[in-house]
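1. sequence first, predicted coordinates after that:
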2 protein chains.
Amino acid sequence: MSLYSHILIIGCGLIGGSIARAARQYGLADKIAMADANADVVARVKALNIADSVSTDARDLAAQADLILLCIPVGAMGETAAHIMPALKKGAVLSDVGSVKGAVIDAIRPHLRADVHFIPGHPIAGTENSGPEAGFASLFNERYCILTPPDFNDPDSNSPDNNEPTKLSEAALILQNFWQAMGSIVAVMSAQRHDKVLATTSHVPHLLAFTLVSTAVDMERVTNNDVVKYSAGGFRDFTRIAASDPIMWRDIFLSNKTAVLEIVDRYIEDLSAIKRAIRWDDGEQLIEKFSKTRNIRRDIIEAGQDMSAVNFGRDETSNDQ
Amino acid sequence: MSLYSHILIIGCGLIGGSIARAARQYGLADKIAMADANADVVARVKALNIADSVSTDARDLAAQADLILLCIPVGAMGETAAHIMPALKKGAVLSDVGSVKGAVIDAIRPHLRADVHFIPGHPIAGTENSGPEAGFASLFNERYCILTPPDFNDPDSNSPDNNEPTKLSEAALILQNFWQAMGSIVAVMSAQRHDKVLATTSHVPHLLAFTLVSTAVDMERVTNNDVVKYSAGGFRDFTRIAASDPIMWRDIFLSNKTAVLEIVDRYIEDLSAIKRAIRWDDGEQLIEKFSKTRNIRRDIIEAGQDMSAVNFGRDETSNDQ
């Protein structure tokens, strides 16, 4: 028996398109419906044949859904939730895949019905490609998916007295099973903690990459051609990161503003200190800083060996100087 | 017949250790000598059996060498060149693998004998690992190696009248063959142009990665554990970059100070502008900036398809949000 009878995926991009394929491949729903406000995208989804029904209006498909997954930019979540809310069946589970959780919860909460289970989520997975064609069933395999039930209390890892996680509701347990069935490693935490962790591990790195590629493009003396040709250096990693969807990232940065700006401010301070050390030939300070950063990589590799489910096996030969 | 009768590799790290293995595997020299000031490293090289002779004093092995490759940190080049110079045979070729070229030329030129051919070089290849054990023969395969003969005039790519490259000397042509035989794609340019291009494509990206990882480590609220656990996001790329050899990078940043500081200054300006756009909810400016950066990635992918020799086939599934 499937986990859900009907699921409705709203937003037919890379993530929505991948969930549809995975749900069908792993038999997680009897019927898969998809909706996208863009008629062209709807036509492409029909041609791809990854859903049982497709519409430009999510509300048309909402009444039958047991699970509704909002796979749209963070900035569109509130409006879309308000639009479909009256049509949802009693006891339906509403979730999302937004890269920011606090702002999504704030946007959806005013429209939420008491008889709908709202369980925000965030699969930490993606590629630089967009659109339903870019989706594939194994996208979530061995990737974290973070669920942030609104009333979840983070166990304080520093306090031995308070390390009991909040008990998950039955609806959350089924959603956890859904993600696990697609290969994900599910973690549960508060939205606030999610947003801080993701600002550090994802949002700010993307912002820095966007900025460096932009700075490089603006420099007249180094021609694009050279930057492209010799980009086998670290710059190639940055261009890959910086090729992601601009609208999605605009929404992420604006929605996770507090955490992102806090880290960027600290970052500019630290970068200015390193700049000063270079200008004044302070080699000792540089070595001290760079030695510190080696350790965290070692921690990550060791963590990767412990949690063999996570794919740390990147191409290690591209760390060019 | 081998390209060289005797080669001497000074510095037995990742690069030196890889050249030794590649030269032997592809039969590029009749005899391979290696030297390293560190006696422990010399003992390890002997145990690895990747050279025909090994010494802690490069000068002992210099007299027979037709090609001497300085594979040591940029900051040690001048002193080492001065030390071996009196022992070199007439007509010997002196080269290096430093990631900065202007500073290396400045450091070596005062000690240079008129009867020694000095042809600086830079293989754009590496991993995050250090030491002779980390070397492997295929490290340079399908990677650029840039040669910067001191009198080389860059053809101005913007001027159709002046696109004849300087003719290479016979010594430079043989060195080019040596790198090509190890699988490299050889490019020739001036040291000044090399240093500008590499500052953009490699040195500044590394500096930004070092800094971000350092900033993240310093933040108390996001525990290391979380940063490590969810580092499948863009941060993982940064930790990989930031795990490189601290001494090598200190030397690179201090030696390419002018180009690095120029780009970092522009970068901080651009980052401040983006920060301001986030603070003031200027979504249009963010989209404009991020859209621009997409194009350069497309250029790189297209260039990669043209130059199929260059490995652009990275794991594309790690561009997580």
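-> In hand now; what should we look at? Numbering: from 1, shown residues only, chains lettered A, B, ... in the order given.

2. what's near enough to touch the one residue in the stretch 51-200 of chain A that gets nearest to chain B?
-> Per Cβ to the nearest Cβ, residue A:99 is where the stretch 51-200 of chain A lies closest to chain B, at 4.2 Å. Glycine gets a C-beta too; all of them are placed from N, C-alpha and C. Counting by Cβ atoms under 8 Å, 6 or more residues apart in numbering or on different chains, residue A:99 touches A:74, A:122, A:198, A:202, A:203, A:248, A:252, A:256, B:321.

3. from these, which is closest to residue A:151?
-> Distance to residue A:151, by Cβ to Cβ, is smallest for residue A:122 among the contacts of residue A:99, at 17.4 Å.

4. pretty sure the closest one contacts residue A:146?
-> Yes: under the criterion of Cβ atoms under 8 Å, residue A:122 makes contact with residue A:146 at 4.8 Å.

5. the two - which one has more neighbours?
-> residue A:122 (26 against 23; other Cβ atoms under 10 Å in any protein chain shown).

6. excluding its own residues, what touches the helix or strand encompassing the more buried one? List them.
-> Taking DSSP states H and E as the definition, one finds residue A:122 inside strand A:121-123. With contact meaning Cβ under 8 Å, 6+ apart, strand A:121-123 is reached by A:15, A:95-99, A:101, A:139-140, A:143-148, A:175, A:179, A:184, A:194, A:198.

7. quick one: average pLDDT of it?
-> Strand A:121-123 shows a mean pLDDT of 96.

8. next secondary structure after it?
-> Moving toward the C-terminus from strand A:121-123, the next helix or strand (DSSP H and E) is strand A:144-147.

9. sorry, back to before: the strand holding residue A:122 pairs with which strands, parallel or anti?
-> According to DSSP bridges, strand A:121-123 forms sheet pairs with strand A:144-147 (antiparallel).

10. chain center to the helix or strand following the strand it pairs with: distance?
-> Downstream of strand A:144-147, the next assigned helix or strand under DSSP H and E is helix A:170-181. In terms of Cα atoms, centre = their mean, to the nearest Å, the centre of helix A:170-181 is found 18 Å from the chain centre.

11. so what angle separates the directions of the strand or helix carrying residue A:205 and helix B:204-218?
-> Taking DSSP H and E as the definition, residue A:205 sits inside helix A:204-218. In terms of direction (axes from the mean of the first three to the mean of the last three Cα atoms, to 10 degrees), helix A:204-218 departs from helix B:204-218 by 160 degrees.

12. quick check: buried residues in helix A:204-218?
-> With burial defined by 16 or more other Cβ atoms under 10 Å in any protein chain shown, the residues of helix A:204-218 counted as buried are A:204-217.

13. among these, which two are most distant?
-> The most widely separated members of the buried residues of helix A:204-218, counting by Cβ to Cβ, are A:204 and A:217 (20.4 Å).

14. so how far is residue B:254 from the spatially closest residue to residue A:276 that is not a sequence neighbour?
-> Counting by Cβ to Cβ, 6 or more residues apart in numbering or on different chains, residue A:276 lies nearest to residue A:282, which is 7.7 Å off, once chain neighbours are set aside. Going from residue A:282 to residue B:254 by Cβ to Cβ, to the nearest Å gives 9 Å.

15. with neighbour numbers in mind, choose between these two.
-> Ranked by neighbour count (other Cβ under 10 Å), residue A:282 and residue B:254 place residue B:254 first, with 21 against 16.

16. isn't that one up against residue A:278?
-> Yes: here residue B:254 reaches residue A:278: they are 6.4 Å apart, a contact under Cβ under 8 Å.

17. which neighbours do these two have in common?
-> Residues touching both residue B:254 and residue A:278 (Cβ under 8 Å, 6+ apart): residue A:286.

18. residue A:5: helix or strand, and which one exactly?
-> With secondary structure defined by DSSP H and E, residue A:5 is part of strand A:4-10.

19. how about residues contacting that strand?
-> A:16, A:19-20, A:23, A:28-36, A:51, A:58, A:61-62, A:64-72, A:80, A:84, A:174, A:178.

20. could you rerun that using 7 Å?
-> Applying Cβ atoms under 7 Å, 6 or more residues apart in numbering or on different chains, the external contacts of strand A:4-10 come out as A:16, A:19-20, A:23, A:28-35, A:58, A:61-62, A:64-72, A:80.

21. and if you look at stretch A:103-112?
-> Applying Cβ under 7 Å, 6+ apart, the contact partners of stretch A:103-112 are A:74, A:77-78, A:81-82, A:85, A:96, A:98, A:118, A:120, A:150, A:191, A:255-256.
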